[in-house]
Structures are given as C-alpha cells and as structure tokens.
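> Pasting a predicted model and its sequence here:
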Amino acid sequence: MKPLFILLVVYIALMAFGAHTAFDKGEIFAGNIAMAVMLVFTAIGHFKFKTSMAAMIPLFIPKKVEIVIFTGILEIAFAIGLCIESTRYYSGIGLIVFLLAILPANIYAAKHQINYENLYKPGPGVKYLWFRIPFQLFLIAWVWYFSVC
C-alpha cells in the first residue's frame, strides 16, 4: 500500500539522514513529518479521484463529492497541524477521530468492491479489510505515539 510505504520511507530517511546533519530534530519530529507527508499524498487522491472516492460513501449520504473534497482539505490541515509544535496535540486528537470516522467508508468500499482510483474496475473486496483495518489501527497508534503522548 502506497501510504504505508511513504510513511515508513520518509520516517526512516529523516531518522537516518537527520542524525548526520544539523537538521536532526529527533524521532517525534520525524514521525510527525512522515505522517504529514503521507496525509498530503492521500489528500491528493481526494482531488484526483474525487468521483471514484465518492462511491465509497454509502448511498444514503448526500453531497458525496463535496465530502471527499472536504476530507482532502482536512487531511492537508491535519498535516500542517502536525508540523507545528503548538498545534500538534490537538491535530493528533482530531486526526485520530478522523481516522476512526473514515473507517466505515473503507468497510463499505470493500464490501461493495469499489476501486477508489477507477470506478470501472472492481476493488479488492472484503479481503482488503484484512490489511485496511490493521493499517488504520497502526495509523492511529502512530499518531497517538508521535503527536498525542
């Protein structure tokens, strides 16, 4: 999964190369910057694939495209908030709530085999949840450790 790859590569790079420069700000900084980069990456998908992502939202909810765009903006706002030490704690709490709130959309998409990048191809289905749910819990734990604790 691309977001996990981005999160880990950015974190490892900041930890590995930061120690050899005057830029080193430690693991908390690296963890928050890595999450911020991942959030910006996923937010881009909200704009690029807005119609396909709107299909992930259950039918009874109106204004799906607007919700997808709004959640993309929220992800960018959380990314910025994580990079500012004075807003990191509250951004982390908000991000955890956000990650919990979007999980039903991921379950709905898996159940209905929705491909968020291309509506004309089927998504991976329910088997995707074996990765997605643990990944979502991993992201929550990451944010808790690096931003809230």
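In hand now; what should we look at? A quick note: this is a predicted structure, and the numbers were derived from the prediction, not measured. Residues are numbered from 1 along each chain as shown.
> alpha carbons only for contacts and neighbour counts from here, please
OK.
> In a helix, residue 116, correct?
No: counting by DSSP: H, G, I helix; E, B strand; the rest coil, residue 116 is not found in a helix; it is coil.
> Show the model's pLDDT score for it.
Here the pLDDT value assigned to residue 116 is 83.
> That one: neighbouring residues, count only.
Residues lying near residue 116 (other CA atoms under 10 Å) number 22.
> gap between it and residue 67?
Distance of residue 116 to residue 67, given as CA to CA, to the nearest Å: 14 Å.
> go on, residue 15?
Distance of residue 15 to residue 67, computed by CA to CA: 35 Å.
> tell me the contacts of the residue sitting nearest the centre point of the chain?
Closest to where the C-alpha atoms of the chain average out (CA atoms, centre = their mean) is residue 39, at 4.8 Å. With contact set as CA atoms under 8 Å, 6 or more residues apart in numbering, residue 39 has these partners: 75-76, 78-79.
> And the pLDDT for residue 100?
Predicted confidence (pLDDT) for residue 100: 97.
> That one - that's part of a strand, no?
No: going by three-state DSSP, the assignment for residue 100 is helix, not a strand.
> How many neighbouring residues does it have?
The burial count for residue 100: 13, using other CA under 10 Å.
> Would you mark the buried spots in stretch 59-78?
64-65, 67-69, 71-78 (16 or more other CA atoms under 10 Å).
> just stretch 107-122 next, same as before
Result for stretch 107-122 [16+ other CA under 10 Å]: buried residues 107-117, 119.
> ok so, going back, how near is the residue nearest to the centre of the chain to residue 46?
11 Å.
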